[in-house]
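Visitor: Build me a model:
(2 chains)
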Amino acid sequence: MRRAGLARPRRAAVPVAASAAVLAVWGAVARGSGAGWVQTVGALVAGLLVVGLAGPALAVRRVRVHALGAPGDAVAGSPFPVQVAVRGAAVLQPQWPPGPEVPTAGAARVTLELRPPHRGVLERCMVTVSSAAPFGLLWWARTVCVPLPGPVLVAPRVGAPDPAVIERREDDGTEVPSPGRGSDARGVRPYAFGDRRSLVHWPATAHTGSLMVRDHERPAGRTAAVRCALPADSDAAEAQAERVLGTVGVLLAAGVRVHLTTVEEAGEVAAPVTTLAAAGRRLARAVPSRPPPPAPEGSSSP
Amino acid sequence: MNALLAALRHPSRTLTPEHSVPLRVAAAGAVCTGIVACLLQGLLQPWAAGPGLALVAGGSLWSHHRRTRPVPFVRAGLALLMVGAFAWFFAAVSADAPAGALHAVEAALALLFCAMQAAHSFDLPTRRDLGFAIAGSATLLALASTQAVSLGFGAVVVVWAGFVVLGLSAAWASMAGGARLRAGGVVPAALAALAIAAAILVVLPAPSPPTFGPAKLTGAPGGPGTQPSHMVPGPAGASRQSASSTGPTGVGGYLGFAGPLDTALRAPLGNEVVLRVRADRPSYWLAETFDTWSGQSWTESSRALRRDRATRVSGDGTRWQTVTGGPPLVVGQPPDVPAPTAGGASPAAQTVGQAPGTAGPGAPARTRRVPPGAAPVQSDYQTFYLATSGSNLVLHASHAMAVWFPAHRLEVGADGTIESRQALGAGSVYTVLSTVVTPTPAELRAANGTQGLTPDVKAEDLLLPRPYRRAAALARRITAGTSSVYGAVTALEHWIGAHTTYTTDIPPLRPGQDTVDQFLFGARRGYCEQISTSLAVMLRTLGIPAREAVGYVPGPYDPLTGTYDVEAKDAHAWVQVWFPGYGWQSFDPTAFVPDATPSSSSTLPSVVSAALGRVPLLPTLPIVGLLAAAAVLVRRHRRRPRTWRAAVTREVERAARLAGAPAHPSDSLGTVAARLDVVLAGGGPGPAAPAPAAAVAAATERAAWGGSEPDAQTARRLLQDARRLRRAAGRARVRRTLSRR
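Guide: Presented below is the predicted three-dimensional model:
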């Protein structure tokens, strides 16, 4: 764990003012009465107040947080768990990515729930460690940076697909491809509504007693190249990534091979993606880039 | 502004019910302790404290039971009850407690707090409410602590602090999600709070008296308004020399309070505390004075007058008067302080506080104007708590003006002696307001003569049973270079201090033997009565009115109780000398006289033991015990084995040491274990045959060096085996020892 900040009191005005008022009144009573026991009890109360007000500063410094486990993938806006080991009683609240408050209750291991608002690669998280130990009079908090065991790739949300890509594909007369429209027959299958009459395989129909049609291989060359060019503005880049993921999702659902090109820290990466999760990982790593070169013929760029 | 509004809104938000049982127990315990503290100090009567305790306990149970299902209108009903309680309180204070009757206000306040806590205990659903209950218990304890004068109150404070620490720790555990209370977290926090409290007590001066204790009486002359400056100088402590400190404990009773003051003998006085005094400043608390010297004893002439009512002087010449009414009983008037000799035309440089309620016909004014340049005049409140039965003399400092006394009648002598009609038993409490005039030495040097003394008083205070020619010659020789009364007194004091020694270890005087002659021209060893009598007689031979005074010197100041613990051996005798305009001023020649056996009291061990003897045992011993326990725990914690392998190694090495085959630094664990096996096998089978040490050592070494870390259960088993080995070695050692015998 790496320290990321000094301990600071939270909402200190009321406890400190109340303590000062109590001690002032007590001091006045002690001075007015001249009774040694008043001063003794007042000193005891002062000791309790000092420990109660300043003790959490020490307690919160002694708290240690280590991440034990975290998933490799996450989705922006959706919570994912991170298991952490805690030494010392405290209340943990993920600050970045944000998450709900989790009291440790003296347990050695607790699970934090992080909800990343944006896509990206998450290698550490910021956690606010709060403590009012030992007397619960005043909260002190400090923010610590907790390295995660491995990078968490936070995919963007699945946004609406780019309508231009869909429309362009329909304008080209290329319907949404489906299995069974290729030229090479790979077998027979039962007839489905819409099958052409020429596809009926009569010997198989005679053999099985039901109408059978030839099943062809998937048409070759149905690949979509998707280039993701993120703008510099983070919000616009997030929206763009969501749109790309939505588009890729539609394409993958339609059976199209998607060749996704993104720009990462190391440079441009162009590789096919076969699942939505893989596309999400690629988009998680994507960084803004310069405007892409003109798209080659037969490819689409959202 | 927004932050302020948020802070104001914050407390009114809906809070979740509190489920922590320890927190509720601690809150109820703290409140009950506060009520008990008020009961013990007499602020609450049993008829109020008993139901209060029952209501707090029952209310806490009920609150816990209904914490998630609050009963409607309970809070409103309790608020109405509180309003009624406050109305009763203000009515009681304004009707039954006149100005100055503070005891009535405190009792009403305690009852009000008790009622508030009892009612509040029925509405404790949340953690915040329980915190308020704990804070409210502090008000009860504060109220009780204003009345506490005994170290026994420390037990109540310790119990209350324990409940508070437990409650606060439980509150934090609840805030942290229901964590278990651990002694490792609570004890250090409590010790830290205790240490800070001790530091505060050490650093901050006691509020009263602010800057001095009894030892100040022997400090530099002209001290800040403590005693008359002429009382203070001297090489030895008056308190220490006032009586024998080696007398048998438990024997009290100063002969000087019984009537005539016989200077021929001095009974040994004990160390028991006879009274505690809470006072604005340490003083010589006067019991009575004597004006008639017979050669061996002092008597008070007005006392004889009072015994014979028929000869009682009346009118302006009244020697004794009966004061009735009160409280308070007005027993005197402020002394007439002389106006400045030059300048000082502007009025009111100083005012003298008076007891509330003393204004009225014949009573001193509430404030009195004192011209600038006049001697400092200060009011001094003293409250006397009698720990043992005493005489009927009412002690007071200097010039008593008003007495708050548990009776409505007092006898006041012209010499300032105050007597009660009945003896004062243990537990009696009374308060005296005195006016202390503290002229400077320069002012006293300027005050010569006998102006202000009535002729009969002057005659009695100059009367001597015989001429005392040798003492007179000695006095004239000593005071030859002086021109004032003050100079004569100080010269005689210094001569006595230089030529006599203090001791109580002298035989009683023979009947008819003169005390002054024996002391000044005989052994020159004696005690305070003889020393002061010698000074008084020498002053009378010079024509200076002087008389003998007896009373108590302040005992050690107890910062916990805020009182001076006056012991029986603090009974003392000193001299009063008349100064025109300043009245009778006290002089203590004993303070100048060195001990006859200085080595017994001036050595470092005796000083250290005396200092240690003043340390109160009740809070000190528990604190020292806690610190020692904490040190042991910390040491054990730091030395604990960090891993199970280290723990096994330590146990095997301990077993080897017990078996008589201690491990050498060059031995491996396997070597030690093999040797241990041999020794244990030779000692015969034990009650529970442990696993061979070699097996335990081998497994441990494999884990340490072979990288084969066993699972937790195996490690635990190995550690248990190592402990069995150690116990077996211990049993074998016992058998060996017994067989040798």
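Visitor: does residue B:86 count as helix, strand or coil?
Guide: helix (DSSP: H, G, I helix; E, B strand; the rest coil).
Visitor: Please tell me how far residue B:270 sits from chain A.
Guide: 24 Å (Cβ to the nearest Cβ, to the nearest Å). Placement of C-beta: from N, CA and C, glycine included.
Visitor: doesn't residue B:571 make contact with that residue?
Guide: No - using Cβ atoms under 8 Å, residue B:270 is not in contact with residue B:571, being 10.5 Å away.
Visitor: which SSE is residue A:279 in?
Guide: helix A:276-285 (DSSP states H and E).
Visitor: and residue B:177, helix, strand or coil?
Guide: coil.
Visitor: Distance across stretch B:432-447, terminal residue to terminal residue?
Guide: Length of stretch B:432-447, first residue to last, Cα to Cα, to the nearest Å: 28 Å.
Visitor: do the same with stretch A:215-222
Guide: OK, stretch A:215-222 end separation, Cα to Cα: 18 Å.
Visitor: And for residue B:116, the neighbour number?
Guide: 21 (other Cβ atoms under 10 Å in any protein chain shown).
Visitor: circling back to that earlier point, of residue B:270 and residue B:571, which one has the most company?
Guide: residue B:571 (26 against 21).
Visitor: What helices and strands are in contact with the helix or strand hosting residue B:632?
Guide: Applying DSSP H and E as the criterion places residue B:632 in helix B:617-639. Counting contacts by 3 or more Cβ pairs under 8 Å, 6 or more residues apart in numbering or on different chains; DSSP states H and E, helix B:617-639 packs against helix B:153-175, helix B:183-203.
Visitor: angle of the first one against helix B:617-639?
Guide: Angle, helix B:153-175 to helix B:617-639, by axes from the mean of the first three to the mean of the last three Cα atoms, to 10 degrees: 40 degrees.
Visitor: next one: the shortest one
Guide: In this structure, helix B:183-203 runs at an angle of 130 degrees to helix B:617-639, with the same axes, to 10 degrees as the basis.
Visitor: Just give me the residue closest to the centre of chain B.
Guide: Nearest to the geometric centre of chain B sits residue B:558, at 2.7 Å (Cα atoms, centre = their mean).
Visitor: Tell me how many other residues crowd whatever residue of the stretch 101-250 of chain A ends up closest to chain B.
Guide: Nearest residue of the stretch 101-250 of chain A to chain B, counting by Cβ to the nearest Cβ: residue A:103, 2.8 Å away. By other Cβ under 10 Å, the residues close to residue A:103 number 19.
Visitor: Show me what it is bridged to.
Guide: Beta-bridge pairing of residue A:103 under DSSP bridges involves residue A:91.
Visitor: ok, it - contacts?
Guide: A:90, A:91, A:92, B:175, B:176, B:177, B:178, B:179 (Cβ atoms under 8 Å, 6 or more residues apart in numbering or on different chains).
Visitor: tell me the mean pLDDT over the lengthiest helix in chain A?
Guide: When chain A is parsed with DSSP state H, its longest helix is helix A:36-62. Across helix A:36-62, pLDDT averages out at 89.
Visitor: For that helix, buried residues please.
Guide: A:36-57, A:59-61 (16 or more other Cβ atoms under 10 Å in any protein chain shown).
Visitor: Please tell me how far whichever residue of the stretch 551-700 of chain B sits closest to chain A sits from residue B:459.
Guide: The minimum distance from the stretch 551-700 of chain B to chain A, using Cβ to the nearest Cβ, falls at residue B:562 (3.1 Å). Look at residue B:562 and residue B:459: by Cβ to Cβ, to the nearest Å, they are 44 Å apart.
Visitor: who has more neighbours, those two?
Guide: Set residue B:562 next to residue B:459 and count neighbours by other Cβ under 10 Å: residue B:562 wins out with 27 against 13.
Visitor: which one is that one nearest to, not counting chain neighbours?
Guide: residue A:36 (3.1 Å; Cβ to Cβ, 6 or more residues apart in numbering or on different chains).
Visitor: Could you do residue B:122 as well?
Guide: Residue B:122 sits nearest to residue B:59 (Cβ to Cβ, 6+ apart), 4.0 Å away.
Visitor: which secondary structure element contains that neighbour?
Guide: With DSSP H and E as the criterion, residue B:59 is inside helix B:46-65.
Visitor: which strands and helices sit next to that helix?
Guide: Helix B:46-65 is packed against helix B:21-40, helix B:102-120, with contacts defined by 3+ Cβ pairs under 8 Å, 6+ apart.
Visitor: From the chain's centroid, how far away is it?
Guide: Relative to its parent chain, helix B:46-65 has a centroid offset of 33 Å by Cα atoms, centre = their mean, to the nearest Å.
Visitor: List the buried residues for it?
Guide: B:48, B:49, B:52, B:53, B:55, B:56, B:57, B:59, B:60, B:62, B:63, B:64.
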